[in-house]
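[1] sharing a model prediction with you, sequence too.
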Amino acid sequence: MTLKSFIHEAISPWMKNEGPESDIVISSRVRLARNLEHVPYPIAASPDQLAEVVNQAGELIGDGSHDRFGRLSLVPMEELTSNEKRILVEKHLVSPNLTEEKENRAVILSEDESLSVMVNEEDHFRIQCLLSGFQLEQGMACANDMDDWMEEKLDFAFDERRGYLTSCPTNVGTGLRSSVMMHLPALVLTKQLNRILPAINQLGLVVRGIYGEGSEALGNLYQISNQTTLGGEEADIIKDLSSVVSQLIQHERDARDQLLEQSRLKLEDKIYRSYGILSYSRRMETKEAMERLSDVRLGIDLGIIEEVSGGILNELMVITQPGFLQQYAGRSLTPAERDERRASLIRERINLENTEEISDGGADA
Amino acid sequence: MLCQECQEREASLHFTKIINGEKTEMHLCDVCAKDKGDYLPGGKSFSIHQLLSGLLDSGQKFSQSQEKKEQRPELTCGTCGMTYRKFAEIGRFGCADCYTHFDQKLDPIFRRIHGGNTRHAGKIPKRKGKDMHLYREIEELKQEMQKQIAEEEFEAAADLRDRIRELENSLKEKGGDAS
Ligand SMILES: [Zn+2]
Ligand SMILES: [Zn+2]
C-alpha cells in the first residue's frame, strides 16, 4: 500500500484540519453516557447480560441505515486483531478499556467515523461525536440525535432527581463530557499558559496535556473538558466550555502575534530546525516527533512554512503511533524498529507534500 | 522520578488534576498511563477514579467510626449485591438500583464531585420521561408560587396555583405515574 492510500484509509474526520478555528482547535468531542434499565452495569453484569446488551445494540441498528448518520455498523471487539483494536484507540474511537476485556464488547461506528458508540465499556453505551475544529455545538447536536434515536427503542436508566444513572458517580446527571483538543504552542513559548490554567480550573473545567509533562504537554496539545455533569443543563455546559475555549483561542492568537513581533528570527530558527530534523532524521521517538511536528505546524499557521499543509500535525501524530506503524509495516515492530519507521514515515509524508497535493485526505481518492 | 504506579519505569507523564480545588499530582510511565486508560478523549480518567475512591473512602471511615458501636448491617444493593464498602473502594455503582440503596450517602458525595449540585436539571428522555416534563414544570411553578407569596403577590400566586392544579389533573388522567 502506498502511504497516500494508507493515509486516506487511516484518516478520521477529526484529523482533517477543517472546521472553525482549526489552526488552534484540533478537535471537538461530545460524549453521552447511557445505560439500560434493569441491567447491571458492565462491572457487575454476567456474561449473558452483557451479551444481551450487545444483542440489543445489534437489533437497534438493524440493517444499518440511519437518515442522519448514514450507515452504522456494529463491530464486536472479539472479531478484531489486537493491532486493529489498537488503531481504533489511536484514532480515539474507542477507549483502551474497551479493548482490554475479552468478550461482549463492541463499538457502533458511522461510516465517516464521526460517530461511535462504545457498547459495554464502563457504561452500557457511550455515545461519542468527534469532529474537527471548534464544533462543540454540532457535536452536542449529533450526540443528542443519536441519544434520541436510541431512546426510541431502548429504556435508559433515568431518575427524575439524579438524571441519567451511570456506573461512575462523576458522570451522573447529564452523562455529558465535552472536550476540545487545542494546539497552544505560543502560550507555552511565552510562558503564559501557566498563569491561565489555574483560572480555568477554577471554572470547573479540567485542562490536561495529552501525554505531556505538567503544563508543558507533549506537542503543546491540551485537552479541556467539563468536570461536573450534574446540576446544569447540557446547553450551559457546552456554552461554558465554549466561552473559555474562545478566550484561549484569542490568547493564543495574541501570543503568536507577540512572538512574530518580538522574536521573529528566533522563532523562525526554531521552526526551521524542527522542519529540517523531521525532513532528514533516521530515528525518531514519539516525544521528539510530537515536539517537532508542533513547531512545524506553528510555522505553517504563521505562514513561515508555506509548502506544507496544516493537517500534517493532526495526521502524523496519529499515524506515527505504534498501531498504525505496525499496520503500515504489515507486522509487529520492536520499539527501535518503530523509531526507524516513524522517522521514515514522516520523511515520506513531507516528501509527498512537496510533490503532490494530499492535504484533503478525503474519501475522494 | 519513578512511576508512581509500577515503581519500575521512569515516569514520563506528569500532570496535575484539580477537582473542586483539590490538587493531585500524577507521575506515570507511558505503559501505566495507557493501562489506566488515561487516553486522550478519555471517557474515563483513572486519576478521577483514584481521587474519587479516596474521597469515598474517607467518607466511609468517618461513618464507620460513628457506627462502630451499633454494628449495623452493611449497606448493600439488593439488586446487584454491591456493598457500599465496595462502591467506596472502586468508585462505581453496580446498577441503577445502587442509587436508591445508597441514597442516604450520596448527596455529600455528589456535592463534592459536582460543584455543590445533587439534582439533575438537564435533558429528560423523550419517550420514557414524558410525564417527567410535567413534574418538572409543576416543580418550577411551585417554586415560583412560593416566591410570589413571599413577595405578597397573591394574585399572581393564585394564577400559578390554578395552573399547577391543571397540570396535576392532566397527570392524574394519564394514570399519573412518573416512573
Ligand atoms: Zn509505571
Ligand atoms: Zn446495585
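    That came in fine, so what should we check first? Numbering: from 1, shown residues only, chains lettered A, B, ... in the order given. Ligands and ions are numbered 1, 2, ... in the order given.
[2] where in the chain is pLDDT low?
    Just going to use chain A. Counting by pLDDT under 70, chain A shows low-confidence ranges at A:1, A:211-216, A:355-365.
[3] the chain in question should be chain B.
    Applying pLDDT under 70 to chain B flags residues B:14-24, B:30-31, B:33-72, B:174-179.
[4] can I see the domain layout of it?
    For chain B, automatic domain parsing gives the domain ranges B:1-37, B:51-58+B:73-121, B:132-174.
[5] how about the ones you listed in TSV, adding mean neighbour count and distance to residue A:5?
    Backbone N, C-alpha and C define where each C-beta goes, glycine included. Shown next, in TSV, are the domains of chain B (neighbours: other Cβ atoms under 10 Å in any protein chain shown; distance: least, Cβ to Cβ, whole Å):
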stretch	mean neighbour count	distance to residue A:5
domain B:1-37	17	29
domain B:51-58+B:73-121	18	43
domain B:132-174	14	51
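[6] for residue A:238, find the nearest of the ones you listed.
    domain B:51-58+B:73-121 (14.2 Å; Cβ to Cβ).
[7] and stretch A:123-140, C-alpha only, in CSV?
    Extracted in CSV, the C-alpha atoms of stretch A:123-140 (Å, rounded to 0.1, in the frame of the first residue of the first chain):
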residue,chain,number,x,y,z
ASP,A,123,-21.5,2.1,30.9
HIS,A,124,-23.7,0.1,28.5
PHE,A,125,-23.5,2.8,25.9
ARG,A,126,-21.0,5.7,25.4
ILE,A,127,-22.2,7.8,22.5
GLN,A,128,-19.3,9.9,21.1
CYS,A,129,-19.3,12.5,18.4
LEU,A,130,-15.8,13.6,17.4
LEU,A,131,-15.5,16.5,14.9
SER,A,132,-12.6,18.5,13.6
GLY,A,133,-12.0,22.1,14.7
PHE,A,134,-14.2,24.1,17.1
GLN,A,135,-17.6,22.4,16.8
LEU,A,136,-18.9,21.7,20.2
GLU,A,137,-22.5,22.7,19.5
GLN,A,138,-22.5,20.5,16.4
GLY,A,139,-21.0,17.6,18.4
MET,A,140,-23.7,18.1,21.0
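[8] and it, what's buried?
    Buried residues in stretch A:123-140, counted by 16 or more other Cβ atoms under 10 Å in any protein chain shown: A:123-136, A:138-140.
[9] ok, it near chain B or not?
    Yes: for stretch A:123-140 and chain B, the contact criterion (Cβ under 8 Å from any Cβ of the partner chain) is met by A:126, A:128, A:130.
[10] residue A:328 belongs to a strand, doesn't it?
    No: counting by DSSP: H, G, I helix; E, B strand; the rest coil, residue A:328 falls outside a strand, being helix.
[11] tell me how many other residues surround it.
    Neighbourhood size, residue A:328 [other Cβ atoms under 10 Å in any protein chain shown]: 18.
[12] pretty sure it contacts residue A:4?
    No: contact between residue A:328 and residue A:4 fails when scored by Cβ atoms under 8 Å: they sit 11.8 Å apart.
[13] list the contacts of the closest residue to residue A:323 other than its chain neighbours.
    Spatial nearest neighbour of residue A:323, excluding adjacent residues (Cβ to Cβ, 6 or more residues apart in numbering or on different chains): residue A:86 at 3.3 Å. The contact partners of residue A:86, by Cβ atoms under 8 Å, 6 or more residues apart in numbering or on different chains, come to A:99, A:321, A:322, A:323, A:326.
[14] of these, just say which sits nearest to ligand 1.
    Closest approach between those and ligand 1, by Cβ to the ion: residue A:322, at 17.1 Å.
[15] for that closest one, grab the count of nearby residues.
    Residues near residue A:322, counting by other Cβ under 10 Å: 18.
[16] could you find the closest non-adjacent residue to it?
    residue A:338 (5.9 Å).
[17] I figured that neighbour hits residue A:323, correct?
    No: Residue A:338 is not in contact with residue A:323 according to Cβ under 8 Å; the separation is 10.4 Å.
[18] who's more crowded, the two?
    The neighbour comparison of residue A:338 against residue A:323 (other Cβ under 10 Å) goes to residue A:338, with 22 against 19.
[19] so what does that one look like in phi/psi?
    Note on residue A:338: backbone dihedrals following degrees, to the nearest 10 are phi -60, psi -40.
[20] residues contacting it?
    Neighbour list for residue A:338: A:322, A:325, A:326 [criterion: Cβ under 8 Å, 6+ apart].
[21] how about the helices of chain A, start to end?
    Secondary structure of chain A (DSSP state H): helices at A:3-10, A:47-61, A:82-90, A:96-100, A:136-153, A:185-189, A:193-202, A:234-280, A:286-301, A:312-319, A:322-329, A:335-355.
[22] okay, the angle between the third one and helix A:322-329?
    An angle of 130 degrees separates the directions of helix A:82-90 and helix A:322-329 when computed by axes from the mean of the first three to the mean of the last three Cα atoms, to 10 degrees.
[23] what domains does the record give for chain A?
    A:1-11+A:29-173, A:255-357 (the TED database).
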